[in-house]
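Engineer: Coordinates for the following, if possible.
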Amino acid sequence: MLPAPGIRLRLLIVGINPGLWTAAVNAPFAHPGNRFWSSLYRAGLTDHLVDAAAGLQSEDEAQLLSRGIGVTNLVGRATARASELSGDDLRAGGAALTERVASLCPAAVAIAGITAFRAGYGLPKAELGEQNASAIPGWPEDVRLWVVPQPSGLNAHETVDSLAARWREVWESIPLP
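Structural biologist: Numbering: from 1, shown residues only. Okay, here's the model as predicted:
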């Protein structure tokens, strides 16, 4: 879910890769156990709780884009679990994402998943939060880079509230256009 050419995003959200459910309904973060949509709503990034389990409604997509929010993935290939991706998959995805970001030029990017970020960009000591984007060759210097926790229900370290707090932190850090 990306904007029409010439429209600048405020925030590009990057998932690791589509799960099988997400691929089947062609909607980001669609699995009912994923806490992505509930955490975005709780953070105030959406004005209602999006239910993408059967696919993303056109009004939901329009709302996100009107707020300057786009969604993409690090790797396009669907798997049952992100752990099925190889290091090569993630590194190729990181390179492709860097090119996509250079083309789209959003104000900020938030990658949901620290382990995939570390592997994709060869930064094994990276931690959650805002990143030093200059450590990534080719990353546009005016695009802020964040890594937030993976919202999957498999991530037992996070709750909807803790995820929402991370999304609020990212959103509030982005200067208004």
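
Engineer: the helices in the chain, which residues?
Structural biologist: Assigned by DSSP state H, the helices in the chain fall at 20-25, 36-43, 58-66, 87-104, 114-121, 160-173.

Engineer: avg pLDDT for the third one?
Structural biologist: Right, the one you point to is helix 58-66. Averaging pLDDT along helix 58-66 gives 92.

Engineer: quick check: angle from that helix to helix 36-43?
Structural biologist: 60 degrees (axes from the mean of the first three to the mean of the last three Cα atoms, to 10 degrees).

Engineer: which parts of helix 58-66 are buried?
Structural biologist: Across helix 58-66, burial judged by 16 or more other Cβ atoms under 10 Å covers 60-61, 63-65. Where you see a C-beta, it was placed from the backbone N, CA and C, and this is true even at glycine.

Engineer: so where's the chain shaky on pLDDT?
Structural biologist: 1-6, 153-156 (pLDDT under 70).

Engineer: re the thing from before, let's have the helices of the chain in a markdown table, adding distance to Glu127.
Structural biologist: Formatted as a markdown table, the helices of the chain follow (distance: least, Cβ to Cβ, whole Å):
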| stretch | distance to Glu127 |
| --- | --- |
| helix 20-25 | 27 |
| helix 36-43 | 19 |
| helix 58-66 | 27 |
| helix 87-104 | 17 |
| helix 114-121 | 7 |
| helix 160-173 | 12 |
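
Engineer: Pro140: which of those is closest?
Structural biologist: helix 87-104 (5.2 Å; Cβ to Cβ).

Engineer: Quick one: residues contacting Gly68.
Structural biologist: Counting by Cβ atoms under 8 Å, 6 or more residues apart in numbering, Gly68 touches 8-11, 106-107, 177.

Engineer: buried subset of those?
Structural biologist: For the contacts of Gly68, buried by 16+ other Cβ under 10 Å: 9-11, 106-107.

Engineer: Report how many residues lie close to Ala112.
Structural biologist: Neighbours of Ala112 under the rule other Cβ atoms under 10 Å: 28.

Engineer: ok, it to Arg91 distance?
Structural biologist: Applying Cβ to Cβ, to the nearest Å, the value for Ala112 to Arg91 is 18 Å.
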